[in-house]
Structure formats: C-alpha cells, structure tokens
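**Student:** structure, please.
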Amino acid sequence: MLQFFRRLTKSKVGIVITFGVLIIIALAFAAGDITNIRGQSGGTLGGGEVAEVGDTKVTEVELRQRAQTAFNGYRQQQPTLDIATFVAGGGLTAVIDRTINGLALYHFAQDVGLAASKRAVDGEIASIPAFQGFDGKFSQTAYDQILQQQRLTDRQLREDISRDMLARQLIAPTAGARQVPAQLALPYASLLLERRRGVVGYIPVAALGAGTPPTDGELQTFYTRQRARYTVPERRTIRYAVVRAADVAATAKPTAAEIAAAYRSQAARFAASEKRTLTQVVVAQQAQANQIAARAKGGTALAAAARAIGLEANTATAVDKAAFTTQSSAAVANAAFAAAAGQVVGPVRSPLGWHVVRVDAVTPVAGKSLAEATPELTTELGKTKAQEALARINADLDSAIGGNATFDEVIADAKLQPQTTRPLLASGVDPDAPTPTPDPVLARIAPAAFAAEQGDAPQLVPVDPDGSFAVVAIGQVVPAAPRPLAQIRDAVVRDFVADRNLRAARQLATAAVNKANGGTPLAQALAQTGLRLPPVQPINASRADLARQGGQLPPPVALLFSMAAKRAKLIEAPNRAGWYVVYLDAIQGGNAAGNTALIASTRQGLGGVIGREFTEQFTAAVKRQVGVKRDEAAIARVASDLAGGAQSR
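**Tutor:** Numbers count the residues shown, from 1 in each chain. Below is the predicted model:
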C-alpha cells in the first residue's frame, strides 16, 4: 500500500501539477503532483491553520477537504482503499506538500509578472474529457453536473487551474532539462564498473520444523496482534438491474412497411448498375494530355503513352461511379462511365488536372428486388432500431435518476428485474464462495458501486461493448473485519508456526552475522547453527549487472552493493521464507575514464532524472523566497482526525 502512494507521488510528470491535481484526480483526469518536495517547518501559525505560504493561509478545513478529494480520486483507482490507509501511506503528506508547493510557485509567478488569461483557462477546461459531451466538445451541462458532484464552484476550479498553468510555466524549463556534462557523469559511469565478490548463506524457516503446537492463549494473542492479516476488506451488497442489448433488439424488429420505405429511399443502391476497371493518367498541361490521348486512341496502350513522356498510369479495378467520382471528379466519372469498353476518353479537366481515361472492362451488377433486399435491410434496420431503443431507455433512466428517483422507483417505472448480490469485494468476488470467480457483469459494476457513497443516486454502468448497461445502487455496506478465529484456526496455526520459525531463524542468522564479523568464515558460522542448511554460495557481480537486471534483483545481490567490505549482513527472503546472510569479501573499484560509450550511456540515463533534481532545487528556492511556515502539530491533528474518524466508523 505504501508503494501505491509512492508511485503516485514520484512521477516526473507529476512535478508540474499543483492544486488542480486534487480536483482533476477526483474527476478522473490524468494528473500527478508538484511534490515529494517536503516543505520546512518554521514559525508559529494561528489557530486552525496548517500552513502559511507568503500571505496565503491554508486552514485545517481546507486541508481536510483537499485530502478527501484526493482520497476519492485515488479510490477510483483502488476501490478498497480506506481513508486510514490513505493517511498512513503518505496521502495526506502528499496533499499538504502539493498545496504548499503550488501556492509558493503561484505567488512567485505573480511576483515575476506571469498570468493565465481567461481564454487560456477556458481552453484548459474545454480539453478535459470529463467536461466533454458525446460529440467530444465541451458540454456546459456535464461541467455543471461534475462541479455540483464535487461540491466545487466555477471560481474555485478556475483558480486552481490558473495556479496549475502558472506552475507549469515556471517548472517546464527545468523539468525538461536533459543535458549532463561528461565530468558529472564520469563517477556514475565508474560505479557501473565496480565489482563485488562475496558469499551468501540461507536459513530457511522450513529447516526448523513444526515445533511445539501453540496453546490456545498463544494462538489468541497471535491472532489479536495479526488481525490485519485475517481481515476481509470492506464488502458491499449491490442492487442492480441489467438492460441487455439483445433483449431490446428482440423487441425492435422492423415492420414490412419500414423495410419497404427503406428500399424506396435507397432505390439507387438496389438499382441495376455496373462496375468498371479504368486506367487513367492525370496531366498538368492540356497539350501533354492531348498528346497522350491521341496516342492511346491510335492504338498505343495508355500506360505506354504516359511513360513516353515520363508519367505513370493508374488503374482502378471494379469501381462504381460514385467511388470513381471521389477519386477524380463528376465530369471525369460521367465521361468514363458513358464510354464503351475499350474506349479512351478525354482529356477531361478536374481540379487535379487533365484526365485521360481508358475503359478496360465493364462488369454489370444486377439490381435487387424488394424481396431480395429484405434480408439485409432487416438486419440493418433492426440494428438501428435496437440502438435507438437502447439509447431511449438509457436516456429515460438517466432522466429519472436526474429527477432524484430512487433505485426502486427507477426499476419499477422501467419494468426491470432487480437483483441483489451477496456481499462482494471491490473486484466483484464473493470471498465466501467456494470458487470465488466473479461474474463478468458483477466485475464491471462492482467498481462503480464501491466508488459511490451511501445515499448516492443510482448509476448507469456499461456492462458490454454491445451497449448493454446496468442500473446500479449500493445495498448493505459490510465494514472490513477479521474472520473469527474459530473459522480459520488451522490457517492461524500455520501462520503462528511460520512466524515463530521466522523469528528463530532470524536469531540464528544474527548469531551467524556476529560470528562472521568476528572473523569466523561464514560457512563455519552457519554450520554451528546445528541445522541442515543449503551450502554457502559465492556471489560475484558488477553494478552494470545490476543495471541490466533492472528491479528484478535477488535480495542478497542487492544487499551486497550496500555493504562495507569484510562485513556480514542479513536480509529476509521473499514471502517470509527465511533469512539470507551475506558476507562481502572484496570490492574492485571501476574507472570509466576513456570509456566514451559508457559515459555517453550514463549521461543519457542521468538526463532522464536531472530535470527532477533541478525542479526540486528550484521549488525549494521559490519556497525560501516566498516564505513558508508549517504547523506540524496541526497537520498531525488533521491526520489523526481523518484516520481516527475512519476507524470509529
């Protein structure tokens, strides 16, 4: 969970977003943050204030509101997130840092004469997808609805977007910096050539055996301390009714009269016609066109006549008149389709130039009677009528919901079949089911149900690409809670034994580390544990090897490069499977001087992060100049209130 917030607060793009991110995230816009640049505390603030930036005060109420808005936005990405976890994971810290950095940059921008025009802000708002209608254009209705849902005013949004735009203007030059001098890159390149040698031993928990079974008291104490491990996340019952496109289509069959009307309106489509294969040359000068036409009409192949003056002929195979018209012009198409097979027509002028066309072949296309056209018209009209009917139903339901109709009222008026699920997780899975595999429909509607709050209006949620959708409302909310010990006793016993063995293995590993640091060879120190352990393995790797592996490094190898020579350390194995003991025997330094390829590669790599470093330094300097005061006690109080309020609920 902590990693979730770190990812959300460390993106390079995130550096340039300020206040607007709190709103924009909540509206499901793309966003990042300006922070992860911690402000320094200083001074004493008045009651109810958490920070002061220049002459602007940030109150506890405002911080709570912004934290709640950010939490709502993050929860759209992770529906099971709760406010206490949000605070513990650094969410509130990111909010206050964002707010302070954004205000500092805004004040500095004003001081140096930068401004965001109303027209620029209008353009920014219009570009936000959430404010756009089905036609992709700005929708005042959507704009007003979202502001109302988020309890925002037009002025608040505009102020935040204006601050965001000014911050971007200030940050962009530094954030985009990528040039790193060779001398600066040299020590980093040399590090890549550094090589380390050592050995690693392993104490698996499985080597300790099951041991004595825990007593009831021990098991109860362990269960109480590990309640989070056995806690089932919040679950919700979901009330829903599905409107399926197939069901609507079954009632939207076209009548014979509608089919006949469609046939008459598309008479040209079903009339007898022909397709032609045409070869043409387009020439800019009429004289050249006349020359080509004369040769072609005299028996020379049109392609050969064109090549004689350095041009190429093009052939359109089996095209109808409408298609050829789009390729040339109406006049050219009329002439080409009036000629007989084998004839050469032209030159005929079009906006493209002078056309000379040869009719290579004429293929008649028989017309279709009403009876013959009925199957395809039935399919087309049925699809159109079904789409229109589905759209009407959707619009009617949306209108009813907009008129504050309840779920029961909406379902009753539309004569839909309501259903209520068992308590589900945000993934749509029933954790109590023997085979917890989510129904595809529930998997689609569950995130919407978990994004809503008690008392919210029903939602219309798409459930299939064919246009099917569901009316969704929240039923019962089951708070996160641990399963009863009696229900999961066997699993708790296994965890107890594994936890006890892990602690015992750590004690043995620590003893081996102390002995190795005292001069005992690691293999001998591990042998003195009295356990049957895997043999000690050598490690020999360079930092370049680590770089090639990316983040997929075995823990002992990663630890090897954070140690001093002739020392031992321990690190836990993945999945609490045991402990590694690593001993670093020797460090062979690297020197990249003269290695131009490596230095160039290092410069390129550093170029990807140097912009953030410059941005952090610039933002810190801006805050020093503008003046920032933080009341850490007040911030902690807000954090406690948010987390405590969530737990009390």
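**Student:** my guess is Q327 contacts T317. True?
**Tutor:** No. Q327 lies out of contact with T317 (C-beta atoms under 8 Å); the separation is 11.9 Å. (C-beta placed from N, C-alpha, C; glycine too.)
**Student:** the two: who's more crowded?
**Tutor:** Set side by side, Q327 and T317 show more neighbours around Q327, with 15 against 11, by other C-beta atoms under 10 Å.
**Student:** gap between the nearest residue to that one once chain neighbours are set aside and T277?
**Tutor:** What sits nearest to Q327 in space, not counting adjacent residues and going by C-beta to C-beta, 6 or more residues apart in numbering, is A316, at 6.4 Å. Distance from A316 to T277, counting by C-beta to C-beta, to the nearest Å: 7 Å.
**Student:** can you show me the helices along the stretch 51-200 of the chain?
**Tutor:** Taking DSSP state H, counting those that start in this stretch, the helices of the stretch 51-200 of the chain run over residues 60-77, 83-88, 91-111, 118-126, 140-149, 154-175, 182-193.
**Student:** kindly apply the preceding question to the stretch 501-649 of the chain instead.
**Tutor:** Taking DSSP H, counting those that start in this stretch as the criterion, the stretch 501-649 of the chain carries its helices at 522-527, 543-549, 555-560, 596-626, 632-648.
**Student:** what is the neighbour count of the residue nearest to Q327?
**Tutor:** So A316, with other C-beta under 10 Å, has 18 neighbours.
**Student:** does anything pack onto the lengthiest strand in the chain? Which helices or strands?
**Tutor:** Longest strand of the chain, by residue count under DSSP state E: strand 353-365. When contacts are defined as 3 or more C-beta pairs under 8 Å, 6 or more residues apart in numbering; DSSP states H and E, strand 353-365 packs onto strand 273-283, helix 286-297, helix 330-338, strand 344-350.
**Student:** what helix or strand is F496 located in?
**Tutor:** helix 489-517 (DSSP states H and E).
**Student:** mind listing what's buried in that helix?
**Tutor:** 492-493, 495-502, 505-506, 508-509, 512-513, 515-516 (16 or more other C-beta atoms under 10 Å).
**Student:** shaky segments in the stretch 501-649 of the chain?
**Tutor:** Along the stretch 501-649 of the chain, segments meeting pLDDT under 70 span 550-551, 644-649.
**Student:** at 50 instead, please
**Tutor:** Residue ranges of the stretch 501-649 of the chain with pLDDT under 50: 646-649.
**Student:** kindly report the same for the chain.
**Tutor:** For the chain (pLDDT under 50), the answer is 1-44, 46, 646-649.
**Student:** hmm, L192 and N595 touching each other?
**Tutor:** No. In this structure, N595 is not within contact of L192 by C-beta under 8 Å, at 9.4 Å.
**Student:** near P535, how many other residues are there?
**Tutor:** Counted with other C-beta under 10 Å, P535 comes out at 10.
**Student:** what of A565?
**Tutor:** Neighbours around A565, by other C-beta under 10 Å: 12.
**Student:** how close does it sit to S542?
**Tutor:** Taken as C-beta to C-beta, the span from A565 to S542 is 15 Å.
**Student:** partners of the longest strand of the chain, with directions?
**Tutor:** Here strand 353-365 has these sheet partners by DSSP bridges: strand 273-283 (antiparallel), strand 344-350 (antiparallel).
**Student:** and the last one, what's buried?
**Tutor:** Buried residues in strand 344-350, counted by 16+ other C-beta under 10 Å: V344, V345, G346, P347, V348, S350.
**Student:** ok, for the third one, nearest residue in space, not its chain neighbours?
**Tutor:** I take that to be G346. Spatial nearest neighbour of G346, excluding adjacent residues (C-beta to C-beta, 6+ apart): V356 at 4.1 Å.
**Student:** kindly state the beta-bridge partners for the one you found.
**Tutor:** Beta-bridge partners, per DSSP bridges, of V356: V281.
**Student:** show me the contacts for it.
**Tutor:** Shown in contact with V356 (C-beta atoms under 8 Å, 6 or more residues apart in numbering): Q280, V281, V283, A289, I292, A293, A296, L302, V344, V345, G346, P347.
**Student:** could I get those residues in JSON lines, plus columns for distance to E312?
**Tutor:** Listed next are the contacts of V356 as JSON lines, based on distance: C-beta to C-beta, whole Å:
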{"residue": "Q280", "distance to E312": "11"}
{"residue": "V281", "distance to E312": "8"}
{"residue": "V283", "distance to E312": "11"}
{"residue": "A289", "distance to E312": "15"}
{"residue": "I292", "distance to E312": "12"}
{"residue": "A293", "distance to E312": "16"}
{"residue": "A296", "distance to E312": "14"}
{"residue": "L302", "distance to E312": "11"}
{"residue": "V344", "distance to E312": "17"}
{"residue": "V345", "distance to E312": "19"}
{"residue": "G346", "distance to E312": "16"}
{"residue": "P347", "distance to E312": "17"}
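**Student:** ok, these vs P479, which is closest?
**Tutor:** Q280 (75.0 Å; C-beta to C-beta).
**Student:** number of residues surrounding the spatially closest residue to that closest one that is not a sequence neighbour?
**Tutor:** Distances taken as C-beta to C-beta, 6+ apart put V357 closest to Q280, at 4.4 Å, once the chain neighbours are dropped. By other C-beta under 10 Å, 30 other residues sit near V357.
**Student:** over to A541?
**Tutor:** By other C-beta under 10 Å, neighbour count at A541 equals 19.
**Student:** from A267, how far out is it?
**Tutor:** Counting by C-beta to C-beta, the gap from A541 to A267 is 78 Å.
**Student:** and what of L531?
**Tutor:** In terms of C-beta to C-beta, L531 sits 91 Å off from A267.
**Student:** try N514
**Tutor:** 96 Å.
**Student:** do Q140 as well
**Tutor:** For Q140, the distance to A267 - C-beta to C-beta - is 42 Å.
**Student:** and if you look at F614?
**Tutor:** Distance from F614 to A267, by C-beta to C-beta: 69 Å.
**Student:** okay, those two: which has more neighbours?
**Tutor:** F614 (16 against 9).
**Student:** isn't the more buried one up against T174?
**Tutor:** Yes. With contact defined as C-beta under 8 Å, F614 reaches T174; the gap is 4.1 Å.
**Student:** verify the stated contact: the residue nearest to Q327 with F324.
**Tutor:** Yes. With contacts counted by C-beta under 8 Å, A316 reaches F324, the gap being 6.2 Å.
**Student:** the helices and strands packed on strand 353-365 into JSON lines, with extra columns for distance to A210?
**Tutor:** Shown next, in JSON lines, are the helices and strands packed on strand 353-365 (distance: least, C-beta to C-beta, whole Å):
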{"stretch": "strand 273-283", "distance to A210": "82"}
{"stretch": "helix 286-297", "distance to A210": "95"}
{"stretch": "helix 330-338", "distance to A210": "88"}
{"stretch": "strand 344-350", "distance to A210": "90"}
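**Student:** wait, which of those is closest to G605?
**Tutor:** Per C-beta to C-beta, nearest to G605 of these: strand 273-283, 52.6 Å.
**Student:** spatially nearest residue to M563, not counting backbone neighbours?
**Tutor:** Using C-beta to C-beta, 6+ apart and skipping residues adjacent in sequence, the residue nearest M563 is L584, 4.5 Å away.
**Student:** I'd say the one you found and G198 touch.
**Tutor:** Yes. Judged on C-beta under 8 Å, L584 makes contact with G198 at a distance of 4.3 Å.
**Student:** quick check: neighbours shared by these two?
**Tutor:** L560.
**Student:** more neighbours: which of these two?
**Tutor:** G198 (25 against 21).
**Student:** can you name the residues that contact the more buried one?
**Tutor:** Contacts of G198 by C-beta under 8 Å, 6+ apart are P538, I539, L560, V582, Y583, L584, D585, A586.
**Student:** just the buried members of the residues you listed?
**Tutor:** Applying 16+ other C-beta under 10 Å to those flags I539, L560, V582, Y583, L584, D585 as buried.
**Student:** surely L642 is in contact with A67?
**Tutor:** Yes. Between L642 and A67 a contact is recorded at 6.3 Å, counting by C-beta under 8 Å.
**Student:** and those two? which has more neighbours close in?
**Tutor:** A67 (24 against 21).
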